[in-house]
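# Structure for this input, please:
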Amino acid sequence: MSPLFWYLFLYSVVALDISNDDDLVTYITLPQHRVLKWNVTYYDQPDSEVAPGYWFVAPYYLNQGSSIDNHKFYLKEPLTALLVTHKDEDMTLTHFGYPERLDRIRTNGFIELDINTSKYLFEWFSGDHITLDESFTLNPNDPFPDVDYLHMNSVDKSANGNYLISARHTNAIYLVSREDGQIIWRLGGTKNDFEMDFQFTGQHSARFVSQNSTHIIISFLDNGANLPSNVHRARPARYESQSSESTLPNTNVLVSWSYYGYMSEFIHDGQLLMEASFASERFSTYRAYKFPWHSRPAHPPTLVSSCYGVNGSFLSTVFHVSWNRATDVQWWRFFARANATAIDREIGEVAKNGFESSFIVRGFMDWVSVQALDSEGRILGVSELLRTEPPEYWPESVSGLVPDDPDAFFGEEPAKLPLVFGAFTWLFMGFVISTIGYICYPAVRGYARLVQLRYPCEGTDEEELGLMKEKV
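Numbers count the residues shown, from 1 in each chain. From the prediction side, this is the model:
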């Protein structure tokens with residue numbers, strides 16, 4: 001594996017409309033140098049007519065002694081960010097009966113900051129407000145105790161400014177006062193403030209749904225729950241840890257099951273509307289979000305073209321094209337030239353198929369390029385002009401192979417992939433099958449005779465001998 005990817009992590013991707021007009025500005029967070037600092041990037045204009053691509057705009061550094069925690073980076077309007085943090089502190093185990101004992105404990109907290117100025121608007125840590133005995137994982141008698149006593153995994157802010165946090169290792173959700181940081185109430189855990197007819201454990205993604213003067217409605221994902229019979233998933237997945245849920249603007253619910261990138265969208269009666277996952281089970285995702293997203297990178301599409309064939313009169317050119325981060329490409333349109341100064345000649349189109357699409361056409365096409373088209377045929381981008389690589393295994397005597405003139409091959413009509421690919425494929429397959437049949441038929445015939453001689457039919461010796469002579 002290339003070292004480039006050893007410490008490449010993307011911890012949060014969220015969209016936020018912060019404008020007062022029709023322009024959509026989207027923010028993404030990326031850790032640089034592992035998790036020592038975070039960058040915020042923005043993508044301006046959904047159709048990228050004005051400013052295509054992505055730009056890094058601001059690195060943020062935390063106060064000394066605390067670190068960004070990878071569980072949450074949440075953007076709120078107007079232009080503030082909520083970040084989960086952690087730091088290690090020496091704390092006494094008084095609540096466990098060891099007032100003189102100090103242990104190194106990992107505490108959690110969060111900060112709210114202005115993403116334009118990096119100014120801290122609010123900072124909070126659990127050590128002053130949540131005691132160690134609330135933890136279900138910290139056992140002071142364990143020779144190797146789990147010092148992550150809280151394991152905070154989400155933070156949200158209400159309309160009146162209070163903060164909602166979720167702590168997995170206390171099985172509790174807390175409402176934190178914006179005034180002094182005190183705990184207003186606890187839901188769940190050992191110090192629950194409510195009468196409850198349900199239980200939850202290891203929860204994630206505690207979020208405000210709505211609030212008025214008398215009621216607060218929140219949502220969260222209960223990692224300890226058994227799935228109700230009316231909630232369907234096409235493939236079982238582990239969800240005792242990680243995972244997330246979010247309520248969409250249309251009131252549907254999107255659930256990320258984390259493992260292998262499985263995600264599902266439901267309506268409130270549990271009916272499954274959509275399910276997706278990563279193509280490879282090597283990867284997982286901590287959270288999943290759903291929102292409109294349009295991206296047109298500043299760099300052009302990437303094109304590779306190579307020529308193949310057994311001799312100079314029977315050649316084909318194979319194209320591979322991709323455009324990393326481009327979201328609206330539906331078709332690829334290919335061009336070639338007869339020489340370096342000739343005009344581009346369209347030689348065919350192919351529908352986009354996954355991250356990388358392929359196209360094959362007869363002849364040695366050179367000075368090639370490709371256009372990226374959207375669903376309405378509008379040009380989104382054009383690749384650089386590229387020279388096609390001749391077959392590398394050919395001898396030097398044919399290395400000076402002259403490219404074909406695309407006009408001579410295609411006349412007035414450009415190639416269509418199903419026709420060109422199909423005609424070439426069937427011709428080639430017919431040639432291969434005929435050759436195999438011609439070579440293998442004598443061997444198959446001889447083998448059949450050998451089988452007849454070794455395994456004759458049942459009967460008398462005279463009958464078997466007569467039958468074999470007749471067949472042979």
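# So what sits opposite the closest residue in space to Arg387 that isn't next to it in sequence in the bridge?
Nearest in space to Arg387, with sequence neighbours left out and distances taken as Cβ to Cβ, 6 or more residues apart in numbering, is Asp366 at 6.2 Å. For glycine as for every other residue, the C-beta is placed from the backbone atoms N, C-alpha and C. Going by DSSP bridges, Asp366 is paired in beta bridges with Arg337.
# what sits against Asp366?
The contact partners of Asp366, taken as Cβ atoms under 8 Å, 6 or more residues apart in numbering, are Ala336, Arg337, Arg387, Thr388, Pro403, Asp404.
# Of all pairs in these, which one is the farthest apart?
Farthest pair in the contacts of Asp366 (Cβ to Cβ) is Arg387 and Asp404. Separation: 13.9 Å.
# who has more neighbours, those two?
Asp404 (19 against 11; other Cβ atoms under 10 Å).
# Where does the prediction get shaky in the stretch 251-400 of the chain?
394-400 (pLDDT under 70).
# where along it do the strands fall?
Listed in chain order, the strands of the stretch 251-400 of the chain (DSSP state E, counting those that start in this stretch) span 253-256, 263-266, 272-276, 302-311, 314-322, 331-337, 345-351, 356-362, 366-373, 379-382.
# Would you mind pulling up the elements that the fourth one packs against?
The one in question is strand 302-311. Helices and strands touching strand 302-311, by 3 or more Cβ pairs under 8 Å, 6 or more residues apart in numbering; DSSP states H and E, are strand 314-322, strand 366-373.
# Give me the contact list for it.
By Cβ under 8 Å, 6+ apart, strand 302-311 touches 315-324, 364-365, 368-370, 383-384, 386, 388-391, 401.
# Give me the buried entries from those.
Neighbour counting by 16 or more other Cβ atoms under 10 Å classes 315-317, 319, 321-323, 364-365, 368-370, 383, 386, 388, 390-391, 401 among the contacts of strand 302-311 as buried.
# show me what contacts the residue nearest to Thr80 when sequence neighbours are not counted?
Leaving out its chain neighbours, the residue that sits closest to Thr80 by Cβ to Cβ, 6+ apart is Glu112, at 5.5 Å. Neighbour list for Glu112: Lys76, Thr80, Ala81, Leu82, Leu83, Tyr120, Leu121, Phe122, Glu123, Lys157 [criterion: Cβ under 8 Å, 6+ apart].
# For the fifth one, give its distance to Thr302.
When Cβ to Cβ, to the nearest Å is applied, the distance between Leu83 and Thr302 equals 35 Å.
# same question, the last one
As judged by Cβ to Cβ, Lys157 and Thr302 stand 42 Å apart.
# ok so, going back, of Leu83 and Thr302, which one has the most company?
Legend: neighbour count by other Cβ under 10 Å for Leu83 and Thr302, higher for Leu83 (23 against 15).
# Return the alpha-carbon coordinates of the strand or helix carrying the more buried one using PDB.
Counting by DSSP states H and E, the element that carries Leu83 is strand 80-93. Only the C-alpha atoms of strand 80-93 are listed here, as PDB (Å, rounded to 0.1, in the frame of the first residue of the first chain):
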ATOM      1  CA  THR A  80     -20.600  27.900  14.100                       C
ATOM      2  CA  ALA A  81     -19.100  24.500  14.500                       C
ATOM      3  CA  LEU A  82     -19.600  21.900  17.300                       C
ATOM      4  CA  LEU A  83     -16.600  19.600  17.900                       C
ATOM      5  CA  VAL A  84     -16.200  16.700  20.300                       C
ATOM      6  CA  THR A  85     -12.900  16.900  22.100                       C
ATOM      7  CA  HIS A  86     -11.000  14.800  24.700                       C
ATOM      8  CA  LYS A  87      -8.100  15.100  27.000                       C
ATOM      9  CA  ASP A  88      -6.400  13.000  29.700                       C
ATOM     10  CA  GLU A  89      -6.600  14.100  33.300                       C
ATOM     11  CA  ASP A  90      -5.400  12.800  36.700                       C
ATOM     12  CA  MET A  91      -8.600  12.200  38.700                       C
ATOM     13  CA  THR A  92      -9.200  10.700  42.100                       C
ATOM     14  CA  LEU A  93     -11.300   7.600  42.500                       C
END
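# Tell me the buried residues in whatever helix or strand comes next after that strand?
Per DSSP H and E, strand 80-93 leads on to strand 98-114 as the next helix or strand towards the C-terminus. Of the residues in strand 98-114, Asp103, Ile105, Arg106, Thr107, Asn108, Gly109, Phe110, Ile111, Glu112, Leu113 count as buried by neighbour count, 16+ other Cβ under 10 Å.
# mind checking how far Asp197 is from Thr137?
26 Å.
# Pipe the helices and strands packed on strand 302-311 into a markdown table and attach distance to Ser210 per row.
Converted to a markdown table, the helices and strands packed on strand 302-311 look like this (distance: least, Cβ to Cβ, whole Å):
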| stretch | distance to Ser210 |
| --- | --- |
| strand 314-322 | 43 |
| strand 366-373 | 42 |
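# List the contacts of Thr201.
Counted by Cβ under 8 Å, 6+ apart, Thr201 has contacts Asn171, Asp222, Asn223, Gly224.
# In three-state terms, how would it be classified?
What DSSP: H, G, I helix; E, B strand; the rest coil gives for Thr201 is coil.
# Glu265 touches Gln271, doesn't it?
No: judged on Cβ atoms under 8 Å, Glu265 makes no contact with Gln271 at a distance of 9.8 Å.
# more crowded one of the two?
Glu265 (18 against 12).
# measure Tyr308 to Glu389 for me?
From Tyr308 to Glu389 the distance is 10 Å (Cβ to Cβ).
# I meant Val84, not that one.
50 Å.
# Thr131 now?
68 Å.
# re earlier: retrieve the pLDDT associated with the residue nearest to Thr80.
The model reports Glu112 with a pLDDT of 91.
# For Asp90, grab the count of nearby residues.
The burial count for Asp90: 8, using other Cβ under 10 Å.
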